[in-house]
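Asker: Quick one, structure for this:
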Amino acid sequence: MIVNKIFSLFLFVSFFQTSCNTHQQTASENSSKNSGQQEAAPKSFSRKYSGITPCADCPGIETTVVFSRNSVFIETLHYLERNVSFSDTGKWSASNKMITVTFPESKRFFLIKSDSTIAMLDADQKEIEGGLAEKYILKRKE
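Answerer: The predicted model follows:
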């Protein structure tokens, strides 16, 4: 069971990184285009976002991320139509509209698009484009 969970997580991370590497615009270019709609993350930033992100071999992944005031980041992934969930924690920091999450062996990046949405970015800090782009936008939850 644990091996299946680890393998599923590996597939998700591999798919996410592979699908993200094909995009052209940087987050800073998008930031310039949409600067009137974006906000900076203050030090007291504490929010929860969620959405259904793509999955290579299931209908989607219910993704929930929490940015706590004490710089703790919590991510929960629940694979739809499966009994598989994962949770991970890291530390987050923000610079202007970019949020960097640091895990022991990797980093993740998010772009604050508006007061109610963030975009998951690829490993090169670029926004995801193409047919699946909207699937990587997470919406704020109260």
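Asker: When you work out contacts or count neighbours from here on, use the C-alpha atoms and nothing else.
Answerer: Noted.
Asker: Convert the longest strand seen in the chain to PDB, retaining C-alpha atoms only.
Answerer: Assignment by DSSP state E gives strand 84-95 as the longest strand of the chain. Below are the C-alpha coordinates for strand 84-95, written out as PDB (Å, rounded to 0.1, in the frame of the first residue of the first chain):
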ATOM      1  CA  VAL A  84      -5.300   7.700  -2.100                       C
ATOM      2  CA  SER A  85      -4.300  10.900  -0.300                       C
ATOM      3  CA  PHE A  86      -1.000  12.600   0.400                       C
ATOM      4  CA  SER A  87       0.000  15.500   2.600                       C
ATOM      5  CA  ASP A  88       3.300  17.400   2.800                       C
ATOM      6  CA  THR A  89       4.600  20.400   4.700                       C
ATOM      7  CA  GLY A  90       7.300  22.900   4.000                       C
ATOM      8  CA  LYS A  91       8.200  26.500   4.600                       C
ATOM      9  CA  TRP A  92       7.000  29.400   2.400                       C
ATOM     10  CA  SER A  93       8.400  32.800   1.800                       C
ATOM     11  CA  ALA A  94       7.100  35.600  -0.500                       C
ATOM     12  CA  SER A  95       8.700  38.200  -2.600                       C
END
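Asker: So for it, what gets flagged as buried?
Answerer: Judged by neighbour count (16 or more other CA atoms under 10 Å), strand 84-95 contains these buried residues: 85, 89-94.
Asker: after that strand comes which helix or strand?
Answerer: Going down the chain from strand 84-95, the next helix or strand is strand 98-102, by DSSP states H and E.
Asker: following that following strand, which helix or strand comes up?
Answerer: strand 107-112.
Asker: what about the helices in the chain?
Answerer: For the chain, applying DSSP state H gives helices covering 2-20, 27-33.
Asker: on that earlier part again, any idea which of the buried residues of strand 84-95 is the one closest to residue 67?
Answerer: Comparing those against residue 67 with CA to CA places residue 92 closest, at 7.2 Å.
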